[in-house]
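Chemist: Below are the sequence and a predicted model; questions follow.
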Amino acid sequence: MSATHPGINRIDGKKTAAALRERIAGHVARLKADHGLTPGLAVVIVGEDPASQVYVRNKVKQTGEAGMNSLHFALPADTPEADLLAKIAELNADETVHGILVQLPLPGHIDANKVIDTIDPAKDVDGFHVVNAGRLATGTGGLIPCTPRGCLMLLKQTVGDLSGKRAIIVGRSNIVGKPMAQLLLGENATVTIAHSRTADLADEVARADIVVAAVGRAHLIKGDWIKPGATVIDVGMNRVDAPEKGPGKTRLVGDVDYEAAAAHAGAITPVPGGVGPMTIACLLANTLVAACRQAGLEDPRL
Ligand SMILES: NC(=O)C1=CN([C@@H]2O[C@H](COP(=O)(O)OP(=O)(O)OC[C@H]3O[C@@H](n4cnc5c(N)ncnc54)[C@H](OP(=O)(O)O)[C@@H]3O)[C@@H](O)[C@H]2O)C=CC1
Ligand SMILES: Nc1nc(=O)c2c([nH]1)NC[C@@H]1CN(c3ccc(C(=O)N[C@@H](CCC(=O)O)C(=O)O)cc3)C=[N+]21
Ligand SMILES: [Mg+2]
């Protein structure tokens, strides 16, 4: 069992993401050669949250490695909302920019919904605009949010056909939980969405063949809740103190108690090295898809 073979049921998101980025790079090279088209991603960050800066640096590096153009706009934390909206309008009109990502969260004086509404839905590579959310909910195309899309790829690769599987998603945010539920419904899973008012979370999780945790609380999901053989996808990214690494040191953990859950799960994603790298790879995939559509070309087969 997994206790005597540690790691045997670990889902390697880092490896899957690297393979996806390779396929994307191949498509980008062909787009350039056949159509003279280079996909471009614009990333806008407001303020200097250090965790966000690391994330943005990774995105910029990986867009470059995939052969795409990347534009990076770092605006001061006190940027007026109107200036940010004007920047987005400028990027909407720029034909060399196929994807626009505004890093969340934004400073408190800026209305994030207004910002997202301003992005051209065709360039909304996060899939957060109401038009894309509505397209996902109605099964009519659009751009799919990166984290749920990455989770679904890992699930299909691990489980195969999801039809009839009992899935629980813990968390109902617009950026992870809700779109994840839509994607799983689209695969004919039987979907439950749990949240902070759910009466008996342990009991709900224990029934599920598929568990997606997207809460933001370290080790909320206990190992002995997991149904034997279930597949566990841990979206959570929580920084916790790690005194064993030295004074003042921290480490990244998920929402699931990994070691305990791995003893029950058929397969489980680690944090780091699970969902995170897939999110960035799917951002590149969405940028490629957006560029193809804006050029009137067919969607790439990824
Ligand atoms: N790996 C990646 O690529 C990404 C990781 N993340 C990480 O995923 C996590 C979730 O992100 P996000 O969706 O934005 O978070 P939000 O804070 O927007 O949503 C959290 C959800 O968890 C629910 N919740 C809170 N406490 C409990 C509880 N005790 N029991 C059950 N449900 C609870 C909330 O319920 P309610 O609605 O009732 O308040 C809410 O629906 C975070 O750790 C974030 O850092 C996010 C994006 C990308
Ligand atoms: N508009 C917008 N879109 C987002 O998609 C978005 C956002 N804002 N704000 C912040 C969250 C968070 N997020 C992460 C994605 C990948 C990793 C990632 O690659 N993590 C690695 C390494 C983490 C590390 O070691 O620091 C891993 O899990 O292995 C992390 C975090 C995207 N988000
Ligand atoms: Mg991860």
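Modeler: Here it is on my side, so go on. Ligands and ions are numbered 1, 2, ... in the order given.
Chemist: what ranges of the stretch 151-300 of the chain fall below the confidence cut-off?
Modeler: Within the stretch 151-300 of the chain, no range satisfies pLDDT under 70.
Chemist: Run through the strands of it in chain order.
Modeler: 166-170, 190-194, 210-213, 231-234, 238-241, 250-253, 267-268 (DSSP state E, counting those that start in this stretch).
Chemist: Make TSV from those and add distance to ligand 2 and mean neighbour count to it.
Modeler: For glycine as for every other residue, the C-beta is placed from the backbone atoms N, C-alpha and C. Shown next, in TSV, are the strands of the stretch 151-300 of the chain (distance: least, Cβ to the nearest ligand atom, whole Å; neighbours: other Cβ atoms under 10 Å):
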stretch	distance to ligand 2	mean neighbour count
strand 166-170	17	25
strand 190-194	20	19
strand 210-213	14	28
strand 231-234	10	28
strand 238-241	9	12
strand 250-253	5	16
strand 267-268	14	24
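Chemist: Now tabulate those in TSV and tack on distance to ligand 1.
Modeler: Output for the strands of the stretch 151-300 of the chain, formatted as TSV (distance: least, Cβ to the nearest ligand atom, whole Å):
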stretch	distance to ligand 1
strand 166-170	5
strand 190-194	6
strand 210-213	8
strand 231-234	8
strand 238-241	6
strand 250-253	10
strand 267-268	14
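Chemist: Which of those sits closest to Thr138?
Modeler: strand 190-194 (16.2 Å; Cβ to Cβ).
Chemist: ok, the residue in the stretch 1-150 of the chain positioned nearest to ligand 3 - how many residues close by?
Modeler: Using Cβ to the ion, the closest approach of the stretch 1-150 of the chain to ligand 3 is made by Gly13 at 6.0 Å. If you count neighbours by other Cβ atoms under 10 Å, Gly13 ends up with 27.
Chemist: surely it meets Ile280?
Modeler: No - shown here, Gly13 and Ile280 do not form a contact pair, counting by Cβ atoms under 8 Å, at 10.4 Å.
Chemist: which bits of this structure sit near ligand 1?
Modeler: 147, 170-173, 175-177, 194-198, 201, 214-217, 220, 235-238, 275-276, 279 (Cβ under 6 Å from any ligand atom).
Chemist: Can you read off the backbone torsions of the spatially closest residue to Thr287 that is not a sequence neighbour?
Modeler: Take Thr287 and drop its neighbours on the chain: the residue closest to it by Cβ to Cβ, 6 or more residues apart in numbering is Gly99, 3.9 Å away. The phi/psi pair for Gly99 (degrees, to the nearest 10) reads phi -130, psi 140.
Chemist: got the contact list for Gly99?
Modeler: Shown in contact with Gly99 (Cβ atoms under 8 Å, 6 or more residues apart in numbering): 39-42, 123, 125, 283, 286-287, 290-291.
Chemist: If we use 7 Å, what do you get?
Modeler: Going by Cβ atoms under 7 Å, 6 or more residues apart in numbering, Gly99 touches 41-42, 123, 125, 286-287, 290.
Chemist: So for the closest residue in space to Cys282 that isn't next to it in sequence, what's the pLDDT?
Modeler: Spatial nearest neighbour of Cys282, excluding adjacent residues (Cβ to Cβ, 6+ apart): Cys146 at 3.9 Å. pLDDT, Cys146: 98.
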